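Q: With the input below, show me the fold.
(chains A and B)
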Amino acid sequence: MNDAVIQLDSVSKIYGKGEAEVRALDSVSISIDRGDFVAIIGASGSGKSTMMNIIGCLDGATQGTYHLDGIDTGTLDEFQLAQIRNRKIGFVFQNFNLIPRTRAVDNVSMPLAYAKVHRKERRERALEVLGSVGLAERADHKPSQLSGGQQQRVAIARALVTNPVLLLADEPTGALDTKSSHEILDLFESLHANGRTIVMITHEADVAARANRVVRFQDGHIIEDHRIRSVHAHPVATAVPA
Amino acid sequence: MMIAESVRFALTGVMANKMRSILTTLGILIGIASVIILLAVGAGTSNAIKSQIGKLGTNVLTVSRQTTAGGRAAGGGQAVTGPRSRGTNLTLQDMAALTDPVMAPDVAATAPVVTAQNVTGTYQDATHAVATFVGTTPSYFSISNDTLAAGSYFSDGDASSGTAVAVIGNTVAQDLVGSSVTSAVGQTIALNGQNFVVSGVLAQKGSSGLNDPDDIVVIPYSAAQDKFTGYSPSLASITVQAKSADVMNQAQNEVQMILDARHNVTSANRDYQVRNQAQILTTATTTTATLTVLLGAVAGISLLVGGIGVMNIMLVTVTERTREIGIRKAIGASRGSIVSQFLIESLIISLIGGVLGIAAGYIGSAFPLLGTQPEVQWWTVWLSFLVSAAIGLVFGIYPANKAAKLRPIDALRYE
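A: Now for the predicted structure:
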């Protein structure tokens, strides 16, 4: 029984054809275990954003297979992919990506609406998760009334509300000041301590240092896979070199 | 439940840019209101004409002299009909023949009509130019659905002896004696300088815009012949009442058979013509139907423009909210939920416009327009409602699809 949340086998992402062909990912294989906290680092153009899109089921691979929580995503249609994003993945973006003019509680409960959860239940769950990120009293504020750090907490609450198997963060501290960055990373650490699987894309070494495992991308290949700490109660994940 | 959710998301979208939503709604509102009002004007005009003709009697045939001379000369009938000369071809004898119960079982009543032009009534200092001046027998009143407001009709004896009595319409009475029209009864008025005693005043029929059925003076036919047209056996026309509106065609055939035999003519060379009120009604209805279609087409174009406005705004909205669409897709919105959100948004805009347009249409139709009182047709209200819903769907589907087809990564990257 494979306990990998993410299992990529020889995944390539190719843009363009013939002479103009660009291999954003070139036959990448990686396995990420349940409960791990992985940082993906690399320079701009290294393929880490493409990696994030594929892991997040926002984009499909050109070649290779990707199993998320045991499901082969290559066989799914658009509707099923939307459901996968809804139930299995929680996204945290660099610029928060909250819906404007919509209260924090409504932003947080939105994934539950797409999961067809009853409205009353939705609100209760959203308030509970907002409380867990320390924003219970800001539930009725709109994004424009919140600081950057607070907006990112709302976004994290939104990512957690469906209790996904994977929290996928794309430069989560990129738009925050140092103090807020530390708070967000502390929040990630405590989520990880509670067993949450986290994949975080970043280009800052000190941010990556908070993870258990650092995977470095360059020119569409994994050039370094370095474990800093062991996964809680799980065997050490093995990375297959490209 | 997902629909309720889409409605809430869509409402948020509509409320997010109130001014724009209001202006777009206004486009639909104007379109729907103009459809309702213009079709109501068409219906009002049509009904006015119908009721006017109805007041003249829907079961009435008018037999009149053929004013073109061609048919008679060609018929070779002049030798046989020797005593009659041209222009005297409708006589009281013709009229009497039409009431034959064997030959004309579907004819209920007849009345002769002798007319004169440019008759002016005078009473003390007041004068009035009479629009319709009729010399006839008392049966004319029942045929043309007249009732009395005061006084009495003249008798058959008066009709044949030429007594100088007159029955006047409401408009004539008002002009001559003032607002208390019944006081005209018993007064002596002058018609082209010749004195007539007013025996009765007709009840008001009401103007229907085009001409006034109350502007009428009715006198005995023999008095009209004596004092206005000069003695002549000829009548201007014979008014024939059929037993019912259903037997109009039979009655018309009987009248034509009798008169063809008496005048020794055939359908090819008739020296008279029979006009059927039902035919006039049909002609009038066709005319107003054409008018209504034209008005409706103009209103329809404004509705189409309103619909394009909705599509335009929805396309702008989709472009503006590309990022939001990306976020929603990333957190699990399926293509269907994005389509329904934007489709419902355009539906809301057009249905609000539609409902307000229906209200505006009703208000606008409360006032007389083009000389008629518009009459809102209930089916135009339903039609408008359905059309505004259809506009929301048809003009919303393209922008909604455009939104749903956006790839989440492209939409998220959109600045």
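Q: Up against chain A, what does the stretch 201-350 of chain B have?
A: Counting by CB under 8 Å from any CB of the partner chain, the positions of the stretch 201-350 of chain B adjacent to chain A are B:323-324, B:326-337. Just so you know, the C-beta spots here come from the backbone N, C-alpha and C atoms, and that holds for glycine as well.
Q: Give me the ChimeraX select line for those, limited to the buried ones.
A: Restricted to buried positions by 16 or more other CB atoms under 10 Å in any protein chain shown, the ChimeraX selection for those reads:
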select /B:323,324,326,327,328,329,330,331,332,333,334,335,337
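Q: so which pair among the residues of the stretch 201-350 of chain B next to chain A is furthest apart in space?
A: Greatest spatial distance in these: B:Arg323 and B:Gly336, 20.3 Å, computed using CB to CB.
Q: Please work out how many residues are found near B:Met19.
A: As a burial measure, B:Met19 scores 7 neighbours (other CB atoms under 10 Å in any protein chain shown).
Q: Could you identify the helix or strand that succeeds the one helix or strand it maps to?
A: Counting by DSSP states H and E, the element that carries B:Met19 is helix B:18-56. Using DSSP H and E, the helix or strand that follows helix B:18-56 in sequence is strand B:60-65.
Q: For that following strand, name the packing helices and strands.
A: With contacts taken as 3 or more CB pairs under 8 Å, 6 or more residues apart in numbering or on different chains; DSSP states H and E, strand B:60-65 sits against strand B:237-242, helix B:248-263, strand B:272-276, helix B:277-320.
Q: Please repeat the previous calculation with a cut-off of 7 Å.
A: On a contact count with 3 or more CB pairs under 7 Å, 6 or more residues apart in numbering or on different chains; DSSP states H and E, strand B:60-65 meets strand B:237-242, helix B:248-263, strand B:272-276.
Q: Contacts only, for A:Gly149.
A: A:Leu176, A:Ser180, A:Glu183, A:Ile184 (CB atoms under 7 Å, 6 or more residues apart in numbering or on different chains).
Q: Widest-spaced pair of these?
A: The span of the contacts of A:Gly149, defined through CB to CB, is set by A:Leu176 and A:Glu183 at 8.5 Å.
Q: Where does pLDDT dip in chain A?
A: A:1-2, A:232-242 (pLDDT under 70).
Q: Over to the stretch 101-250 of chain B?
A: For the stretch 101-250 of chain B (pLDDT under 70), the answer is B:207-211, B:231.
Q: Share the number of residues neighbouring B:Gln93, please.
A: By other CB under 10 Å, the residues close to B:Gln93 number 10.
Q: repeat for A:Ala20
A: 7.
Q: Quick check, the residue in chain A closest to chain B?
A: A:Asn86 (2.3 Å; CB to the nearest CB).
Q: near chain A, which residues of the stretch 1-150 of chain B?
A: Residues of the stretch 1-150 of chain B found near chain A (CB under 7 Å from any CB of the partner chain) are B:Met1, B:Met2, B:Glu5, B:Thr12, B:Ala16.
Q: Spit out the contact partners of the third one.
A: With contacts defined as CB under 7 Å, 6+ apart, B:Glu5 is in contact with A:Ala113.
Q: Tell me the buried residues in the host helix or strand of it?
A: Taking DSSP H and E as the criterion, B:Glu5 maps to helix B:2-16. Neighbour counts over helix B:2-16 (16+ other CB under 10 Å) mark B:Glu5, B:Ser6, B:Val7, B:Phe9, B:Ala10, B:Gly13, B:Val14, B:Ala16 as buried.
Q: which bits of chain A sit near chain B?
A: So chain A meets chain B at A:53, A:58-59, A:78-79, A:82-83, A:85-86, A:91, A:97, A:99, A:101-102, A:110-111, A:113-116, A:158 (CB under 7 Å from any CB).
Q: Can you point out the helix or strand that includes the closest residue to chain A within chain B?
A: At 2.3 Å from chain A, B:Gly332 is the closest residue in chain B, using CB to the nearest CB. Counting by DSSP H and E, no helix or strand carries B:Gly332.
Q: Torsion angles phi and psi at it?
A: phi 120, psi 10 (degrees, to the nearest 10).
Q: quick one: pLDDT of it?
A: On pLDDT, B:Gly332 comes in at 91.
Q: now swap in B:Arg72 and tell me
A: On the pLDDT scale, B:Arg72 gets 43.
Q: give me every residue that touches the residue lying closest to A:Gly134 once chain neighbours are set aside.
A: Spatially, and ignoring its direct neighbours in sequence, A:Gly134 is nearest to A:Arg153 (6.7 Å; CB to CB, 6 or more residues apart in numbering or on different chains). Shown in contact with A:Arg153 (CB under 7 Å, 6+ apart): A:Val133, A:Gly134, A:Leu135.
Q: Swap in 10 Å and give it another go.
A: Contacts for A:Arg153 (CB atoms under 10 Å, 6 or more residues apart in numbering or on different chains) come out as A:92, A:96, A:104, A:130, A:132-135, A:138, A:146-147, A:180, A:183-184, A:187.
Q: Please apply the same query to B:Met2.
A: Residues near B:Met2 by CB under 10 Å, 6+ apart: A:Ala113, A:Tyr114, A:Lys116, B:Ser334, B:Gly336, B:Ser337, B:Ser340.
Q: Please apply the same query to A:Leu176.
A: Per CB under 10 Å, 6+ apart, neighbours of A:Leu176: A:Gln94, A:Phe96, A:Ser147, A:Gly148, A:Gly149, A:Gln151, A:Gln152, A:His182, A:Glu183, A:Ile184, A:Leu185.
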